[in-house]
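Participant: Compute the structure for the input listed below.
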Amino acid sequence: MWAIFAICFVFFVDGVRCGSCREAKLCCTGRDSSCVVQKAPMNAIIEDLSDKPCYCDHACLKLGDCCGDFKEACGVLDCQVSPWGPWTSCDADCGPGTMSRTRSVQLQPQNGGRHCPSLEQRRGCQMSNCHHHPDPAIKEIAMLLPASLSHSRTANNTSDIRKNLRVRDPSEHPQYDPEKTYCVEFEVLKASKACRKEENYKSLKEGERVCVRCESEALHEDLGWRCQGHGVEARVTRWSALSAPHCHGKWLRAHAGPDKGCTSTKGCREGPAFIFV
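Facilitator: All right, here's what the predicted structure looks like:
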């Protein structure tokens, strides 16, 4: 008789699996150890894993010991999502970039069902559609010093940190004319964390605008008598702090061209914050 009893709890009886939540009319919230379906007598020796007790409480979803029909019998619905959509095009035209794809929720989870998985995936991409900018300044890195150091040229030539650019005999270099001084205003797009620790470079914050002056002593003859790294219209260029090499970043020239009088833009009218080297 015990053999017949064991067989009954492994196979179906009248279309309902023995030991099911529906048959036992059990459906409990939370964790309830009494909400259990015994598939074999309490003191019976269990020789088959299918004879172990199963539970009809919501905690069984996490513990993994639910009866086979628990979700159906207790109205537990897992989240259902649509298939993945197509990958987007790469967000870069040249060099490394990112592409993504998404999917949507078709059925929200109910009664403790499985939560929705991620709805977006990203992966890297590499593009070779590179158009090289004709202006060589796009590759230059602007080297900066605080504007407070500009007075050293006239105050004491020996203390000028840019002594390699100092005019020892102005008569030999008529291109070095104070009237050729100009300013450029930039919008800072990115700044390294090290800039925050440098008192002289704290103003270089993302989203801020800064004015940089190109003094005649810093003009480069091989660059057509302009300062190195003064930017290119509508293109991102790089900058670095000369006296704090770990402070560096990217910026965008905020107006079409150099400000000859250093008064055309609001940021420069208040005085430059930095000077080109």
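
Participant: Which helix or strand contains the residue nearest the centre of the chain?
Facilitator: Nearest residue to the geometric centre of the chain (C-alpha atoms, centre = their mean): Thr98, 11.1 Å. In the assignment (DSSP states H and E), Thr98 maps to strand 94-102.

Participant: Can you list the strands that the helix or strand following that strand pairs with?
Facilitator: Remark: after strand 94-102, the chain's next helix or strand is strand 105-107, criterion DSSP H and E. Sheet pairing of strand 105-107 (DSSP bridges) gives strand 80-81 (antiparallel).

Participant: quick one: the strand it pairs with to chain centroid distance?
Facilitator: Chain-centre distance of strand 80-81: 27 Å, with C-alpha atoms, centre = their mean, to the nearest Å.

Participant: next one: stretch 90-107
Facilitator: 14 Å.

Participant: Next, the contact list for the residue nearest to the centre of the chain, please.
Facilitator: Neighbouring residues of Thr98 by C-beta atoms under 8 Å, 6 or more residues apart in numbering: Cys90, Asp91, Ala92, Arg122, Arg123, Gly124, Cys125. Heads up, the C-betas are built off the backbone N, CA and C, glycines and all.

Participant: Just the buried ones from the residues you listed?
Facilitator: Cys90, Ala92, Cys125 (16 or more other C-beta atoms under 10 Å).

Participant: What's opposite the residue nearest to the second one when sequence neighbours are not counted in the beta bridge?
Facilitator: Which is Ala92. Spatial nearest neighbour of Ala92, excluding adjacent residues (C-beta to C-beta, 6 or more residues apart in numbering): Met127 at 5.3 Å. For Met127, the beta-bridge partners are Gly95 (DSSP bridges).

Participant: re earlier: how close does the residue nearest to the centre of the chain sit to Gly231?
Facilitator: Thr98 sits 26 Å away from Gly231, going by C-beta to C-beta, to the nearest Å.

Participant: Let's have the buried ones among the contacts of Thr98 in a markdown table, adding secondary structure.
Facilitator: Below are the buried ones among the contacts of Thr98 laid out as a markdown table (DSSP: H, G, I helix; E, B strand; the rest coil):
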| residue | secondary structure |
| --- | --- |
| Cys90 | coil |
| Ala92 | coil |
| Cys125 | strand |
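
Participant: and of these, the nearest to Thr265?
Facilitator: Ala92 (30.6 Å; C-beta to C-beta).

Participant: so who does the closest one touch?
Facilitator: Applying C-beta under 8 Å, 6+ apart, the residues near Ala92 are Thr98, Cys125, Met127.

Participant: Can you pull out the low-pLDDT segments for this structure?
Facilitator: Confidence mapping of the chain against pLDDT under 70 gives the ranges 1-19, 40-51, 151-177, 256-257.

Participant: quick one: the nearest residue to Cys60 once chain neighbours are set aside from Tyr55, how far?
Facilitator: Nearest non-adjacent residue to Cys60, counting by C-beta to C-beta, 6+ apart: Cys66, 3.8 Å away. Between Cys66 and Tyr55 the distance is 6 Å, computed by C-beta to C-beta.

Participant: now do Ser20
Facilitator: For Ser20 relative to Tyr55 (C-beta to C-beta), the value is 12 Å.

Participant: do the same with Ser82
Facilitator: 32 Å.

Participant: of those two, who's got more company?
Facilitator: Tyr55 (24 against 11; other C-beta atoms under 10 Å).

Participant: Is the more buried one in contact with Val36, as I believe?
Facilitator: Yes: assessed by C-beta atoms under 8 Å, Tyr55 is found in contact with Val36 at 5.3 Å.
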